[in-house]
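A.B. asks: quick one, structure for this:
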Amino acid sequence: MEFFMRVASLLILISLGLSACSKPDPYESADQSNKVSDKGINNGIDNGVVNGLSERKIAGDYSLQRWEDFTTYYLEDSARDYTSFPDPGPVGGTVVQIGWNEDFIVLQRRAHFYGKVDGWMVIDIDNKSITGPLSDADIQADPQLQDIEVLPAAQAWELL
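C.D. replies: Numbering: from 1, shown residues only. Coordinates of the predicted model:
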């Protein structure tokens with residue numbers, strides 16, 4: 001009988017210890033300061049943190065995202081289905097330089113995958129079409145892109 005009492009006491013102590021160690025779910029918050037979506041946690045910094053990336057809206061469905069190293073930038077299309085990993089965004093790489101107006105986003109990308117070419121990409125914001133990679137000469141020859149100021153990604157980030 002004494003053996004069973006010791007086992008019962010031990011089980012009670014273990015269960016009390018485990019319940020005392022449990023932590024509340026970090027994704028549940030009464031003040032809703034941390035909102036969880038299918039893309040990640042939004043803590044309100046820089047218009048949101050999505051999958052480790054800070055994000056700032058450019059135009060239409062497009063945003064510039066800054067990686068946690070504060071030197072790597074990606075373009076995101078919020079209407080695009082991001083189901084594959086890794087996904088370097090709609091232009092297939094990192095943003096080196098970027099500029100935009102109400103109709104177009106022009107960016108110089110560094111391609112992520114072998115066989116892809118670095119170069120300039122042009123996004124038609126309304127039609128959601130992407131052209132490129134293009135050469136410097138192609139960009140300079142297009143009259144629709146002549147007035148778009150292109151800046152290094154870090155400088156453009158500060159303007160958003």
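
A.B. asks: dump stretch 63-77 to PDB, restricted to CA.
C.D. replies: What follows is stretch 63-77 as a C-alpha-only set of coordinates in PDB (Å, rounded to 0.1, in the frame of the first residue of the first chain):
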ATOM      1  CA  SER A  63       6.000  45.700 -51.800                       C
ATOM      2  CA  LEU A  64       9.700  46.000 -51.200                       C
ATOM      3  CA  GLN A  65      10.800  43.500 -48.500                       C
ATOM      4  CA  ARG A  66      14.000  43.800 -46.500                       C
ATOM      5  CA  TRP A  67      15.600  40.700 -45.200                       C
ATOM      6  CA  GLU A  68      16.700  40.500 -41.500                       C
ATOM      7  CA  ASP A  69      20.300  41.200 -42.500                       C
ATOM      8  CA  PHE A  70      19.100  44.800 -43.500                       C
ATOM      9  CA  THR A  71      21.000  44.600 -46.800                       C
ATOM     10  CA  THR A  72      19.000  42.200 -48.900                       C
ATOM     11  CA  TYR A  73      15.800  43.300 -50.700                       C
ATOM     12  CA  TYR A  74      13.100  41.400 -52.500                       C
ATOM     13  CA  LEU A  75      10.000  42.400 -54.400                       C
ATOM     14  CA  GLU A  76       6.800  40.800 -53.300                       C
ATOM     15  CA  ASP A  77       3.400  40.600 -55.100                       C
END
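
A.B. asks: what comes up buried for that stretch?
C.D. replies: Taking 16 or more other C-beta atoms under 10 Å as the basis for neighbour counts, the residues of stretch 63-77 that come out buried are Ser63, Leu64, Gln65, Arg66, Tyr73, Tyr74, Leu75, Glu76, Asp77. The way it works is simple: take the backbone N, C-alpha and C, and place the C-beta from them, glycine included.

A.B. asks: and the nearest residue to Val117 once chain neighbours are set aside, helix, strand or coil?
C.D. replies: In space, not counting the residues next to it along the chain, Val117 is nearest to Pro133; the distance is 4.7 Å by C-beta to C-beta, 6 or more residues apart in numbering. When states are read from DSSP: H, G, I helix; E, B strand; the rest coil, the local structure at Pro133 comes out as strand.
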